[in-house]
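>>> okay, sequence plus prediction incoming.
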Amino acid sequence: MINYDGKRFRKVSTDPDAPVTLYRQKDDLVWAELTGGGVRLGSLTGKCGEDGTIDMAYTMVLASGQVISGHSTNTPELLPDGRIRLNEVWERYGTNGSRGTSAIEEVDE
């Protein structure tokens, strides 16, 4: 199992202000808090499988004041330089609900 404790991830994008999220892990429990890049405050809580896949719920308050919540399944991919990319399949709940895919990558910050 991959241990995510202490690893930092940022959304794969050209936005230099994208928030960096510090992951914590104890046994199979994974959690994190994030701010920045249009997010006033966000949190995630999930469970890590034997293959390193994280099944999580998330909530965020955006700078616009919008409150969002949803679910994401993040599948790890080992990059050639040894960092981890998490390929996300997510669903946002509520009146502005949507579904999609994205990716975050481990950063050394």
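Yes, it's here. Every value quoted in this text rests on a predicted model; they were computed, and no experiment measured them. Residues are numbered from 1 along each chain as shown.

>>> mind checking the longest strand of this structure?
Secondary structure of the chain per DSSP state E: the longest strand is strand 67-78.

>>> which SSE is immediately downstream of it?
Moving toward the C-terminus from strand 67-78, the next helix or strand (DSSP states H and E) is strand 84-92.

>>> contact partners of that following strand?
Contact partners of strand 84-92, identified using CB atoms under 8 Å, 6 or more residues apart in numbering, comprise 2, 7, 9, 12, 52, 54, 68-79, 97-106. Where C-beta positions appear, they are placed from N, C-alpha and C, glycine not excepted.

>>> now the buried members of these.
2, 7, 9, 52, 54, 68, 70, 72-74, 76, 104, 106 (16 or more other CB atoms under 10 Å).

>>> would you mind giving those as TSV with pLDDT and distance to residue 22 added?
Below are the buried ones among the contacts of strand 84-92 laid out as TSV (pLDDT from 0 to 100; distance: CB to CB, whole Å):
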residue	pLDDT	distance to residue 22
2	91	16
7	96	8
9	94	8
52	97	18
54	98	14
68	94	20
70	97	20
72	98	17
73	98	20
74	98	15
76	98	17
104	94	12
106	95	11
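
>>> closest to residue 42 among those residues?
residue 68 (8.6 Å; CB to CB).

>>> who's in contact with that closest one?
59-60, 62, 92-94, 96.

>>> out of these, list just those in strands.
Going by DSSP E, the strands hold 59-60, 62, 92 from the contacts of residue 68.

>>> which of these has the largest number of neighbours?
residue 60 (20 neighbours; other CB atoms under 10 Å).

>>> residues in a beta bridge with it, which ones?
residue 42, residue 68 (DSSP bridges).

>>> isn't it right up against residue 38?
No: under the criterion of CB atoms under 8 Å, residue 60 makes no contact with residue 38, lying 9.3 Å away.

>>> identify the residue nearest residue 104 in space, chain neighbours excluded?
Setting aside the residues directly before and after it, residue 104 is nearest to residue 9 in space (CB to CB, 6 or more residues apart in numbering), at 4.2 Å.
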